[in-house]
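Engineer: Give me a model of this one.
(chains A and B)
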Amino acid sequence: MRDISMERVNETRKNILEIIESATLTHEQKLTCLANQADSLMEVLDLPEGLDELLNVPIDRKCICDLSEGHAPMRPRYIIPDYAKFLKEGSKFLQLDPPTDLYEALNSLMIFYKHVPSVTNYPVYVGQLDELLEPYIDTVDEAQAKKMLKLFLTQMDRTILDSFSHANIGPRETKAGRLLLEAEKELENAVPNLSFKYDEDITPDDFALKAIDCAMHSAKPSFANHKMFKSELGENYVIASCYNGLLLGGGAYTLCRLVLGNIAKRAKNIQDFKERELPYVLDIMARYMDARIKFEVEESGFFENNFLAKEGFIHRDRFSGMYGLVGLADCVNILFEKEGLKGRFGHDEAANDLGVEIMEIIKEFNLNHKNKYCEGTGGHFLLHAQVGLAEDENVTPGTRIPIGEEPEELIDQLNVLRKFHKYFTSGTGDIFPIDMTVHRNPEYVLDIIKGSFKMDLRYLSFYSSDSDVIRVTGYLVKRSELEKLANGEAVLQDTTALGLGAARNGHILERKVR
Amino acid sequence: MKAVVNRIIPFSSVDGPGNRTAVFLQGCNINCKYCHNPETRKLCVQCGTCVKQCPAGALSFDENGKVAFDPSKCVQCDTCIHVCPNDSSPRTFEMTPEEVYAKVKKQIPFIRGLSVSGGECMLWPEFLTELFRLAKKDGLGTLIDSNGMIPFEDYPELMEVSDGVMLDIKAFEAAEHRKVTDFTNEMVLKNAVYLAKTSKLYEVRAVIVPDLYDTERSIREMGDFLAPYLKINDIRVKIIAYRPMGVREQYSHYQVPNQEYLAYLADILREKGFQHITLI
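Structural biologist: Just a heads-up that it's a prediction; the model follows:
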């Protein structure tokens, strides 16, 4: 452990006092912030040379960002417990026997969620709820089951105070799945986030339309390309947090992101970017992630001591690193300006081609970089198109076309996006507000999903342009809660504050309605 | 063979089931007071009124003295269609079925079909037949959106490549139909029967303008008239509230019916056995 300056200690103490005195943070939010401040005093990681000037600089120059994971990671960022194993076998540590009916199953899950850590201190994955609950769904009558599911979902919404929490459903139709969709449609809650694993060959149209109807009311589920994820991660994949494809019974040790626009600013021209600046930053970020993973695995003791690992709900060798990026559009546009070229990302063929070339360089780099603790994903990290942070200004999410510059026609937008979704096994996605009239024609959305998944698109979200629950970047918030927070009132969920930042800096309320 | 094309909308959620490309052809044979795209009613007579007034310089006369449109300069201000003395538009293109289909095909596999509307697209039956033939080769659905003033029975080749017709019944009673459109509707009802009997009546549409005609009576009579065919043809009904957007100024004063009234009309049809009723 390295020493730090008294100046930094005092700076931190000032931050701590601000947190304690905050009028808009709830008690739980204060605890989380205080823990982050304590962690920020630690210096235990074996950091690569050159990292400091890429990481610890103002946002307009930052090339690498570690997304508030802290200085001494004591647990993986995202943890994906095998809830099916828990329901089948119970847990010694939690002193729970396997459930025998729907009452016990829901109660057991609610207890378990309390004990699943993550970077947000809330579970980022709450299970494949349809398959988990289907064996118990007929232990009560249907009306009773639906009421219980609604209570269960409301309990989650009010106690998992962070909408990076994610449930999965599909591709197969089940009674539990159908009731969950009905319940979510009626509740219009922000938590949990919900992904529908869709496969045209498995999912009946009626069931998919039910999901779309639910999405038009509550901005979820989003639709995940089941065939694509399955071909990369196998049958046992899940969608967690925003839209991250990860292995069941594993998760992600860490997620760092390249801020591609700022890397482009360092380059003299396109060639300099491709040959010098980008490879330089790619290498430092990979080695930074290696250092974080090494500490988690070798020093933190998490995998030796936490009951999740001890009882086999997670396995160390099913974790991987998420190698993230933001601002491909910014990057391409900056490089084009430097070269005196006119086109913009999303509109100009040459600009889009440069985007693809950059992605190929990153993909190639990742294939050549080995991390011995990422066995589950072939010894490599998984690429991730990160959606941005509330404080990001002039940074576009992942490979998205900037809001306000979307092509006039959705078809043209989809044709650009399909060049990029395929790179991001651990997640990417695009979001489309849909005009009200689609309430009467949900097949419209289904046709777009079917076409998209044939055309290499990975993950799509839709919401009705007039609904209260809306999708910010990957997570959900309520417009009504945003307004409360903007007026200085405390709100329940952490993500509302992130949503407010994104509304101000990321213009998320100004997306083109389709 | 060419038709005058007003517009092609790549993804449409309101022109038939699912996601479809909608093609709008120029020219119409009746005069609905509530027409919400009156600039599609007539073919351009090359008078040039719009050329002089286009603020973006997107319109000019070509070497043959015809109005030419440059889409790259257009700023979508709609001045041209507002100043047109002839209910037409200079922003149209003469296109072959092959040229139109090339623009439709780009949307595969995101669409399940195409719908052709207008204007009145049945003014171009040979063009439609050829366009649909091309679409069918790629497995696309093909729907016609029509006011029913031209006999479908006369175009068996078209009917063969068309999945069905979305037919307007603008008023059931002939005199009322004349009030709404300047024409009576014997042909529309004849078409309705022909299409229903051949299972090609995909949908019937009624725009509800209580100030203009007796909408409740019209819906009742239309229901009685079509109900016998429900067993051979599951006829969908779309009940559309009149809205003033885009309507010519002299006809834009009608009252907009509320959703409760539309729901009341839907209930009338439901009692007569219609199951698929959409309110817009």
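
Engineer: Identify the bridge partners of A:Leu258.
Structural biologist: A:Ile64, A:Leu325 (DSSP bridges).

Engineer: Run through the helices of chain B in chain order.
Structural biologist: B:49-53, B:79-83, B:97-105, B:125-137, B:156-161, B:174-181, B:186-197, B:215-226, B:259-271 (DSSP state H).

Engineer: buried residues in the first one?
Structural biologist: Taking 16 or more other Cβ atoms under 10 Å in any protein chain shown as the neighbour-count basis, helix B:49-53 is seen to contain the buried residues B:Cys50, B:Val51. In this view, the C-beta of every residue, glycine as well, is placed from N, C-alpha and C.

Engineer: Counting by contacts, list what it packs against.
Structural biologist: With contacts taken as 3 or more Cβ pairs under 8 Å, 6 or more residues apart in numbering or on different chains; DSSP states H and E, helix B:49-53 sits against strand B:59-61, helix B:79-83.

Engineer: Out of these, which is closest to chain A?
Structural biologist: For chain A, the closest of the helices and strands packed on helix B:49-53 is helix B:79-83, at 18.7 Å, according to Cβ to the nearest Cβ.

Engineer: What's the mean pLDDT across the closest one?
Structural biologist: Looking at helix B:79-83 alone, the average pLDDT works out to 92.

Engineer: Kindly report the same for stretch A:419-431.
Structural biologist: 94.

Engineer: and it, anywhere near chain B?
Structural biologist: No: Stretch A:419-431 does not reach chain B (Cβ under 8 Å from any Cβ of the partner chain); its nearest approach is 13.8 Å.

Engineer: Can I get that stretch in PDB, CA atoms only?
Structural biologist: Taking C-alpha atoms only, stretch A:419-431 is exported to PDB below (Å, rounded to 0.1, in the frame of the first residue of the first chain):
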ATOM      1  CA  LYS A 419     -22.100  -2.400 -38.900                       C
ATOM      2  CA  PHE A 420     -21.300  -2.100 -35.200                       C
ATOM      3  CA  HIS A 421     -23.400  -4.200 -33.000                       C
ATOM      4  CA  LYS A 422     -21.600  -7.400 -33.800                       C
ATOM      5  CA  TYR A 423     -18.400  -6.400 -32.100                       C
ATOM      6  CA  PHE A 424     -19.900  -6.100 -28.600                       C
ATOM      7  CA  THR A 425     -20.600  -9.400 -27.000                       C
ATOM      8  CA  SER A 426     -20.800  -7.800 -23.600                       C
ATOM      9  CA  GLY A 427     -23.300  -5.300 -24.800                       C
ATOM     10  CA  THR A 428     -24.400  -2.500 -27.000                       C
ATOM     11  CA  GLY A 429     -27.800  -1.200 -27.900                       C
ATOM     12  CA  ASP A 430     -29.900   1.400 -29.500                       C
ATOM     13  CA  ILE A 431     -33.000   3.100 -28.300                       C
END
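
Engineer: Show the contacting residues for the residue of the stretch 101-250 of chain B found nearest chain A.
Structural biologist: Nearest residue of the stretch 101-250 of chain B to chain A: B:Phe110, at 3.3 Å (Cβ to the nearest Cβ). Each residue near B:Phe110 by Cβ atoms under 8 Å, 6 or more residues apart in numbering or on different chains is listed here: A:Ile411, A:Leu414, A:Asp447, A:Ile448, A:Gly451, A:Ser452, A:Met455, B:Phe11, B:Asn19.
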